[in-house]
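Asks: Got a sequence here, can you model it:
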Amino acid sequence: MTQPPSPQRSAVMRAVKGRDTGPERRLRSLIHAMGYRFRLHGRDLPGKPDIVFRRRRKAIFVHGCFWHGHDCPRGARAPKTNAVYWREKIARNRARDARNEAALREAGWSIETIWECELRDADALRERLFAFLGPARLENLTGRSP
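Replies: Here you go, the predicted model:
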């Protein structure tokens, strides 16, 4: 049985933002500079994807390496205190992520997950986003394609 986190740890966890995080804002800026337009936090979609391209039926999740258990050095770092609690917490996050992605795919959506550590290489990320999203269509003010 695991112990719940201490009151201090709980206060720190409450302060962690679930949306509009630094990594999410950096990715949105990059995508916008590439000429794509998108919506944020698809509330009506499973898992509330961070970035949504409705017409393309594509969604992007921006995951923090630690919180979602990435296999990079930051994500693989094990907390020293209450390790069992954190292992279980991250396992629950990963299971929830898998359920949400499966539900989106079943509904006909394509999913891309961008990890926090991947934001360091903007050139590689640009190529990956272009491969996922296809060409950007810059729309004029009337909303029609050029």
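Asks: so where's the chain uncertain?
Replies: For the chain, the stretches with pLDDT under 70 are 1-5, 9, 12-19, 138-146.
Asks: can you map out the helices along it?
Replies: Under the criterion DSSP state H, the chain contains helices at 7-15, 22-33, 83-106, 122-133.
Asks: would you turn the ones you listed into JSON lines with mean neighbour count?
Replies: For glycine as for every other residue, the C-beta is placed from the backbone atoms N, C-alpha and C. As requested, those are exported to JSON lines (neighbours: other CB atoms under 10 Å):
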{"stretch": "helix 7-15", "mean neighbour count": "10"}
{"stretch": "helix 22-33", "mean neighbour count": "16"}
{"stretch": "helix 83-106", "mean neighbour count": "14"}
{"stretch": "helix 122-133", "mean neighbour count": "14"}
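Asks: which ones are touching the residue nearest the centre of the chain?
Replies: Nearest residue to the geometric centre of the chain (CA atoms, centre = their mean): Val62, 1.7 Å. Applying CB atoms under 8 Å, 6 or more residues apart in numbering to Val62 gives the contacts Thr21, Pro23, Glu24, Leu27, Asp50, Ile51, Ile114, Glu116.
Asks: Looking at the helices of the chain, which is nearest to Pro46?
Replies: When those are compared for distance to Pro46 using CB to CB, the nearest one is helix 83-106, at 3.8 Å.
Asks: Leaving out the residues flanking it, which one is nearest to Ala54?
Replies: Not Ala; residue 54 is Arg. What sits nearest to Arg54 in space, not counting adjacent residues and going by CB to CB, 6 or more residues apart in numbering, is Arg39, at 6.4 Å.
Asks: Is the one you found bridged to anything, and to what?
Replies: Judged by DSSP bridges, the bridge partners of Arg39 are Val52.
Asks: Surely it and Asp50 touch.
Replies: No: taking contacts as CB atoms under 8 Å, Arg39 lies outside contact range of Asp50: 10.3 Å.
Asks: Reformat the helices of the chain as a markdown table; add distance to His70.
Replies: Listed next are the helices of the chain as a markdown table, based on distance: least, CB to CB, whole Å:
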| stretch | distance to His70 |
| --- | --- |
| helix 7-15 | 19 |
| helix 22-33 | 12 |
| helix 83-106 | 10 |
| helix 122-133 | 15 |
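Asks: before we move on, the earlier item: can you pick out the most distant pair from the contacts of Val62?
Replies: Pairwise over the contacts of Val62, using CB to CB, the maximum falls at Ile51 and Glu116, 14.5 Å.
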